[in-house]
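Enquirer: Kindly generate the corresponding structure for this input.
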Amino acid sequence: MVQQSAAQTLATYIMTDPLTGLAIGGMDPVSYFTEEAPLPGRPGLETEWMGASWLFANAANRDIFRANPEIYAPQYGGHGAMSMARGFVSDADPMIYTVFKQRLFLFYSASNRQAFLLSPDAAALQGAEHWQVLSKSLSIR
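Expert: Down below sits the predicted model:
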């Protein structure tokens, strides 16, 4: 069952840092796919997409993201993937992640990531179904 609450209307479509306004904590979304660990983005190498500011480690990554942001942006706007699979919106830690079927998923905790990885196909499918409903209650800045 999908759970909506009044608090969810305060959440944004893309999870951003409340102090900086940066998507995924300022990490470079392309680097999750190209490096052993995600790289922090650099000021001056940014782009706007879906009402959020995204930083990049280099200009090439920024340009790749601009061409295909839906490929590199985390699923469910960067909100917790296992929480979404369970039917609610939660924050996520950009350092707790997995790339599954060429898509980036972020998690609230390491135990949430482990739960997702027990049955990633089912969790991703459930998350996508819940995202269709829950994302409509989230604001795009």
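
Enquirer: Is residue 134 in a helix, a strand, or coil?
Expert: Three-state call for residue 134 (DSSP: H, G, I helix; E, B strand; the rest coil): helix.

Enquirer: Any figure for the gap between it and residue 79?
Expert: Separation of residue 134 from residue 79 (Cβ to Cβ, to the nearest Å) stands at 8 Å. In this view, the C-beta of every residue, glycine as well, is placed from N, C-alpha and C.

Enquirer: tell me, what's touching those two both at once?
Expert: With contacts defined as Cβ atoms under 8 Å, 6 or more residues apart in numbering, the residues shared by residue 134 and residue 79 are residue 89.

Enquirer: neighbour-wise, which of these two wins?
Expert: Higher neighbour count among residue 134 and residue 79: residue 79, with 28 against 23, using other Cβ atoms under 10 Å.

Enquirer: so the more buried one makes contact with residue 13?
Expert: No. Taking contacts as Cβ atoms under 8 Å, residue 79 lies outside contact range of residue 13: 9.1 Å.

Enquirer: so where is the chain shaky, pLDDT-wise?
Expert: Across the chain, residues meeting the criterion (pLDDT under 70) sit at 1-10, 141.

Enquirer: Now do the buried residues in the helix or strand in which residue 116 is found.
Expert: Assessed by DSSP states H and E, residue 116 sits inside helix 110-118. Neighbour-count burial for helix 110-118 flags 112, 113, 115, 116 (criterion: 16 or more other Cβ atoms under 10 Å).

Enquirer: Return the residues in contact with the residue nearest to the spatial centre of the chain.
Expert: The centroid of the chain falls nearest to residue 78 when counting by Cα atoms, centre = their mean (1.6 Å). Contact analysis of residue 78 by Cβ under 8 Å, 6+ apart lists 14, 15, 23, 24, 92, 94, 106.
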